[in-house]
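> turn this into a structure:
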Amino acid sequence: MSSAPKAARRLFIAGTDTEIGKTHVACALLRAARQRGQRVAAIKPIAAGAEPTPDGLRNEDALALLAAARGLPAGTAFAAEDYAEVNPYCFAAPVSPHIAAAEAGVEVNLNLIRALADRAAAKNDWLVVEGAGGWRAPLSDTASMADLATTLSDPVLLVVGVRLGCLNHAVLTAEAIRRSGLPLVGWVANHIDPQMPRVAENLAMLERLLGSAPLGVFPHDRSGEGTSQAALTAFDRLTVVIEQVANLR
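Numbers count the residues shown, from 1 in each chain. From the prediction side, this is the model:
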(Lines give C-alpha, C1' and ligand atoms only; values in the text may rest on other atoms or scores of the structure.)
Protein backbone atom coordinates (compact mmCIF):
# COMPACT_ATOMS: atom_id res chain seq x y z
CA MET A 1 0.00 0.00 0.00
CA SER A 2 1.54 3.32 -1.05
CA SER A 3 1.80 6.12 1.48
CA ALA A 4 0.33 9.57 0.92
CA PRO A 5 2.69 12.07 -0.67
CA LYS A 6 4.61 14.21 1.78
CA ALA A 7 3.37 17.76 2.09
CA ALA A 8 5.63 20.45 0.71
CA ARG A 9 7.81 22.34 3.14
CA ARG A 10 6.77 25.97 3.02
CA LEU A 11 8.66 29.08 4.03
CA PHE A 12 7.81 32.78 4.19
CA ILE A 13 10.84 35.04 3.94
CA ALA A 14 10.52 38.27 5.89
CA GLY A 15 13.06 41.03 6.31
CA THR A 16 14.10 43.64 8.84
CA ASP A 17 13.56 46.33 6.20
CA THR A 18 13.48 46.92 2.47
CA GLU A 19 16.68 46.45 0.44
CA ILE A 20 18.29 44.08 2.91
CA GLY A 21 18.70 41.08 0.59
CA LYS A 22 15.54 39.00 0.92
CA THR A 23 15.62 38.12 -2.77
CA HIS A 24 19.33 37.33 -2.67
CA VAL A 25 18.83 34.95 0.25
CA ALA A 26 15.67 33.43 -1.25
CA CYS A 27 17.38 32.74 -4.59
CA ALA A 28 20.39 31.23 -2.85
CA LEU A 29 18.13 28.93 -0.80
CA LEU A 30 16.24 27.87 -3.93
CA ARG A 31 19.50 26.95 -5.63
CA ALA A 32 20.63 25.08 -2.52
CA ALA A 33 17.35 23.14 -2.45
CA ARG A 34 17.81 22.17 -6.09
CA GLN A 35 21.35 21.10 -5.32
CA ARG A 36 19.89 18.81 -2.64
CA GLY A 37 17.61 17.26 -5.25
CA GLN A 38 14.41 19.08 -4.24
CA ARG A 39 11.64 20.34 -6.52
CA VAL A 40 11.13 23.99 -5.66
CA ALA A 41 8.78 26.85 -6.42
CA ALA A 42 8.90 30.51 -5.47
CA ILE A 43 6.32 33.26 -5.21
CA LYS A 44 6.78 37.01 -4.93
CA PRO A 45 3.11 37.84 -4.35
CA ILE A 46 3.46 41.61 -4.51
CA ALA A 47 6.17 43.61 -6.25
CA ALA A 48 6.33 47.39 -6.66
CA GLY A 49 8.90 48.58 -9.15
CA ALA A 50 8.75 46.98 -12.59
CA GLU A 51 9.71 47.53 -16.21
CA PRO A 52 7.24 47.36 -19.10
CA THR A 53 7.77 44.52 -21.60
CA PRO A 54 5.73 43.25 -24.57
CA ASP A 55 4.24 40.67 -22.18
CA GLY A 56 3.44 43.16 -19.41
CA LEU A 57 5.21 44.52 -16.34
CA ARG A 58 8.17 42.55 -15.05
CA ASN A 59 9.83 42.88 -11.65
CA GLU A 60 13.53 42.09 -11.36
CA ASP A 61 13.22 40.24 -8.04
CA ALA A 62 10.34 38.07 -9.25
CA LEU A 63 12.28 37.16 -12.39
CA ALA A 64 15.31 36.24 -10.29
CA LEU A 65 13.20 33.98 -8.06
CA LEU A 66 11.61 32.27 -11.07
CA ALA A 67 15.00 31.66 -12.67
CA ALA A 68 16.49 30.30 -9.44
CA ALA A 69 13.54 27.97 -8.86
CA ARG A 70 13.93 26.52 -12.35
CA GLY A 71 17.72 26.35 -12.30
CA LEU A 72 18.06 28.88 -15.11
CA PRO A 73 20.44 31.84 -15.41
CA ALA A 74 19.42 35.31 -14.31
CA GLY A 75 17.94 37.32 -17.13
CA THR A 76 15.99 34.41 -18.61
CA ALA A 77 12.75 35.47 -20.30
CA PHE A 78 9.55 33.71 -19.27
CA ALA A 79 6.10 33.33 -20.77
CA ALA A 80 3.33 35.49 -19.34
CA GLU A 81 1.53 32.53 -17.75
CA ASP A 82 4.72 31.37 -16.00
CA TYR A 83 5.42 34.83 -14.64
CA ALA A 84 1.86 35.25 -13.36
CA GLU A 85 2.25 32.12 -11.23
CA VAL A 86 5.14 33.80 -9.39
CA ASN A 87 4.11 37.45 -9.22
CA PRO A 88 0.33 37.96 -9.39
CA TYR A 89 0.50 41.62 -8.28
CA CYS A 90 3.10 43.62 -10.16
CA PHE A 91 3.14 47.42 -10.08
CA ALA A 92 5.27 49.86 -12.05
CA ALA A 93 6.00 52.49 -9.42
CA PRO A 94 8.84 51.69 -6.96
CA VAL A 95 6.86 52.84 -3.94
CA SER A 96 5.15 51.27 -0.93
CA PRO A 97 2.82 48.47 -2.10
CA HIS A 98 -0.29 50.16 -0.72
CA ILE A 99 0.43 53.30 -2.75
CA ALA A 100 1.29 51.34 -5.90
CA ALA A 101 -1.87 49.25 -5.63
CA ALA A 102 -4.09 52.28 -5.00
CA GLU A 103 -2.59 54.16 -7.96
CA ALA A 104 -3.21 51.12 -10.17
CA GLY A 105 -6.79 50.79 -8.90
CA VAL A 106 -6.09 47.28 -7.66
CA GLU A 107 -7.12 45.65 -4.38
CA VAL A 108 -4.74 42.92 -3.25
CA ASN A 109 -6.67 39.71 -2.57
CA LEU A 110 -4.88 37.68 0.08
CA ASN A 111 -7.04 34.61 -0.50
CA LEU A 112 -6.09 34.61 -4.19
CA ILE A 113 -2.44 34.57 -3.14
CA ARG A 114 -3.14 31.73 -0.72
CA ALA A 115 -4.76 29.68 -3.49
CA LEU A 116 -1.79 30.35 -5.78
CA ALA A 117 0.63 29.27 -3.05
CA ASP A 118 -1.34 26.11 -2.33
CA ARG A 119 -1.26 25.12 -6.01
CA ALA A 120 2.50 25.68 -6.20
CA ALA A 121 3.10 23.73 -3.00
CA ALA A 122 1.05 20.79 -4.26
CA LYS A 123 3.48 20.27 -7.16
CA ASN A 124 6.78 20.73 -5.33
CA ASP A 125 8.86 19.68 -2.35
CA TRP A 126 9.51 23.26 -1.23
CA LEU A 127 7.67 26.55 -1.63
CA VAL A 128 9.45 29.81 -0.84
CA VAL A 129 7.33 32.95 -0.56
CA GLU A 130 9.14 36.28 -0.40
CA GLY A 131 7.50 39.28 1.21
CA ALA A 132 7.97 42.89 0.16
CA GLY A 133 9.56 45.45 2.43
CA GLY A 134 9.39 44.91 6.17
CA TRP A 135 6.97 42.87 8.25
CA ARG A 136 4.47 45.71 8.72
CA ALA A 137 4.71 47.13 5.19
CA PRO A 138 1.12 48.15 4.31
CA LEU A 139 -0.69 46.54 1.39
CA SER A 140 -3.81 48.68 1.77
CA ASP A 141 -5.52 50.86 4.35
CA THR A 142 -6.39 47.74 6.33
CA ALA A 143 -3.86 45.00 5.46
CA SER A 144 -0.10 44.61 5.80
CA MET A 145 2.59 42.13 4.85
CA ALA A 146 2.00 40.53 8.25
CA ASP A 147 -1.60 39.83 7.24
CA LEU A 148 -0.39 38.12 4.08
CA ALA A 149 1.98 35.93 6.08
CA THR A 150 -0.81 35.06 8.52
CA THR A 151 -3.15 34.18 5.64
CA LEU A 152 -0.53 31.84 4.21
CA SER A 153 0.17 30.43 7.70
CA ASP A 154 3.71 29.40 6.78
CA PRO A 155 6.81 29.26 8.99
CA VAL A 156 8.85 32.45 8.79
CA LEU A 157 12.56 32.97 8.14
CA LEU A 158 13.88 36.40 9.08
CA VAL A 159 16.59 37.98 6.92
CA VAL A 160 18.60 40.45 8.99
CA GLY A 161 20.42 43.03 6.90
CA VAL A 162 23.68 43.52 8.81
CA ARG A 163 24.17 47.27 9.04
CA LEU A 164 23.95 49.96 11.67
CA GLY A 165 20.50 49.74 13.27
CA CYS A 166 20.01 46.04 12.59
CA LEU A 167 19.83 45.11 16.28
CA ASN A 168 16.73 47.19 16.93
CA HIS A 169 15.08 46.27 13.61
CA ALA A 170 15.73 42.55 14.12
CA VAL A 171 14.38 42.42 17.67
CA LEU A 172 11.22 44.40 16.85
CA THR A 173 10.52 42.30 13.76
CA ALA A 174 11.08 39.01 15.58
CA GLU A 175 8.76 40.12 18.38
CA ALA A 176 6.05 41.05 15.87
CA ILE A 177 6.37 37.72 14.04
CA ARG A 178 6.05 35.78 17.27
CA ARG A 179 3.02 37.82 18.35
CA SER A 180 1.33 36.88 15.07
CA GLY A 181 1.33 33.24 16.15
CA LEU A 182 3.45 32.10 13.22
CA PRO A 183 6.54 30.00 13.94
CA LEU A 184 9.77 31.95 13.52
CA VAL A 185 12.03 29.11 12.40
CA GLY A 186 15.21 31.14 12.51
CA TRP A 187 17.18 33.98 11.02
CA VAL A 188 20.03 34.53 8.63
CA ALA A 189 22.53 37.37 8.58
CA ASN A 190 23.12 39.09 5.26
CA HIS A 191 26.10 41.46 5.09
CA ILE A 192 24.93 44.51 3.16
CA ASP A 193 27.38 47.13 4.46
CA PRO A 194 31.03 46.19 3.86
CA GLN A 195 32.15 49.22 5.91
CA MET A 196 30.17 48.33 9.01
CA PRO A 197 32.43 48.24 12.10
CA ARG A 198 32.26 45.63 14.87
CA VAL A 199 30.45 43.02 12.77
CA ALA A 200 31.38 40.11 15.04
CA GLU A 201 30.11 41.95 18.11
CA ASN A 202 26.83 42.76 16.37
CA LEU A 203 26.33 39.15 15.28
CA ALA A 204 26.99 37.98 18.83
CA MET A 205 24.41 40.43 20.17
CA LEU A 206 21.87 39.40 17.52
CA GLU A 207 22.33 35.79 18.59
CA ARG A 208 21.70 36.72 22.20
CA LEU A 209 18.73 38.99 21.50
CA LEU A 210 17.02 36.65 19.03
CA GLY A 211 17.66 33.59 21.15
CA SER A 212 19.40 31.46 18.54
CA ALA A 213 22.44 31.31 16.31
CA PRO A 214 21.98 32.33 12.67
CA LEU A 215 21.06 29.50 10.33
CA GLY A 216 23.50 31.03 7.85
CA VAL A 217 25.74 34.06 7.41
CA PHE A 218 25.77 35.45 3.88
CA PRO A 219 28.86 37.42 2.85
CA HIS A 220 28.80 40.79 1.14
CA ASP A 221 30.58 39.31 -1.89
CA ARG A 222 27.74 37.56 -3.68
CA SER A 223 29.90 36.11 -6.44
CA GLY A 224 32.09 33.92 -4.26
CA GLU A 225 31.75 30.42 -2.90
CA GLY A 226 30.73 31.85 0.46
CA THR A 227 27.17 32.56 -0.67
CA SER A 228 26.47 29.06 -1.95
CA GLN A 229 28.02 27.51 1.17
CA ALA A 230 25.98 29.79 3.45
CA ALA A 231 22.83 28.83 1.53
CA LEU A 232 23.53 25.10 1.76
CA THR A 233 24.20 25.40 5.49
CA ALA A 234 21.03 27.41 6.03
CA PHE A 235 18.95 25.08 3.88
CA ASP A 236 20.11 21.96 5.71
CA ARG A 237 19.38 23.55 9.07
CA LEU A 238 16.00 24.82 7.86
CA THR A 239 15.04 21.34 6.72
CA VAL A 240 15.51 20.03 10.26
CA VAL A 241 13.75 22.93 11.97
CA ILE A 242 10.76 23.00 9.63
CA GLU A 243 10.34 19.26 10.03
CA GLN A 244 10.19 19.76 13.78
CA VAL A 245 7.66 22.57 13.39
CA ALA A 246 5.49 20.46 11.09
CA ASN A 247 5.39 17.66 13.67
CA LEU A 248 4.18 20.11 16.33
CA ARG A 249 1.43 21.76 14.27
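> show me where the chain has strands.
Here the chain has its strands, by DSSP state E, at 9-15, 40-43, 46-48, 51-53, 56-58, 89-91, 126-130, 156-162, 184-191, 216-218.
> which helix is the longest one in this protein?
Scanning the chain for the helix with the most residues, using DSSP state H, yields helix 225-248.
> list the buried residues of it.
Across helix 225-248, burial judged by 16 or more other C-beta atoms under 10 Å covers 227, 229-235, 237-238, 241-242, 245. In short, each C-beta sits where N, CA and C put it, glycine included.
> going by distance to Cys27, which of those residues wins?
Distance to Cys27, by C-beta to C-beta, is smallest for Ala231 among the buried residues of helix 225-248, at 8.7 Å.
> wait, doesn't that closest one sit right on Ala26?
No. In this structure Ala231 lies outside contact range of Ala26 using C-beta atoms under 8 Å: 9.8 Å.
> ok, back up a step: now the buried residues of helix 225-248 in CSV, with distance to Gly21 and pLDDT?
Output for the buried residues of helix 225-248, formatted as CSV (distance: C-beta to C-beta, whole Å; pLDDT from 0 to 100):
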residue, distance to Gly21, pLDDT
Thr227, 10, 93
Gln229, 16, 95
Ala230, 11, 96
Ala231, 12, 96
Leu232, 17, 97
Thr233, 16, 97
Ala234, 13, 97
Phe235, 16, 97
Arg237, 18, 96
Leu238, 16, 96
Val241, 20, 94
Ile242, 21, 92
Val245, 24, 84
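> hang on, the earlier thing: and the strands of the chain as a markdown table, adding distance to Tyr83 and mean neighbour count?
Formatted as a markdown table, the strands of the chain follow (distance: least, C-beta to C-beta, whole Å; neighbours: other C-beta atoms under 10 Å):
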| stretch | distance to Tyr83 | mean neighbour count |
| --- | --- | --- |
| strand 9-15 | 19 | 24 |
| strand 40-43 | 11 | 26 |
| strand 46-48 | 11 | 26 |
| strand 51-53 | 9 | 10 |
| strand 56-58 | 7 | 16 |
| strand 89-91 | 8 | 22 |
| strand 126-130 | 15 | 26 |
| strand 156-162 | 24 | 26 |
| strand 184-191 | 26 | 24 |
| strand 216-218 | 26 | 24 |
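> now for those, which one comes closest to Arg70?
With C-beta to C-beta as the criterion, Arg70 lies closest to strand 40-43 of those, at 8.7 Å.
> what's that closest one packed up against?
Using 3 or more C-beta pairs under 8 Å, 6 or more residues apart in numbering; DSSP states H and E, the elements in contact with strand 40-43 are helix 22-35, helix 60-70, helix 80-86, helix 110-122, strand 126-130.
> if you set the cut-off to 7 Å instead, what comes out?
Using 3 or more C-beta pairs under 7 Å, 6 or more residues apart in numbering; DSSP states H and E as the contact test, the elements touching strand 40-43 are helix 22-35, helix 60-70, helix 110-122, strand 126-130.
> among those, which is the most enclosed?
Among those, strand 126-130 has the highest mean neighbour count (mean count of other C-beta atoms under 10 Å), at a mean of 26.
> report the inter-axis angle for it versus helix 225-248.
Inter-element angle recorded for strand 126-130 and helix 225-248: 110 degrees (by axes from the mean of the first three to the mean of the last three C-alpha atoms, to 10 degrees).
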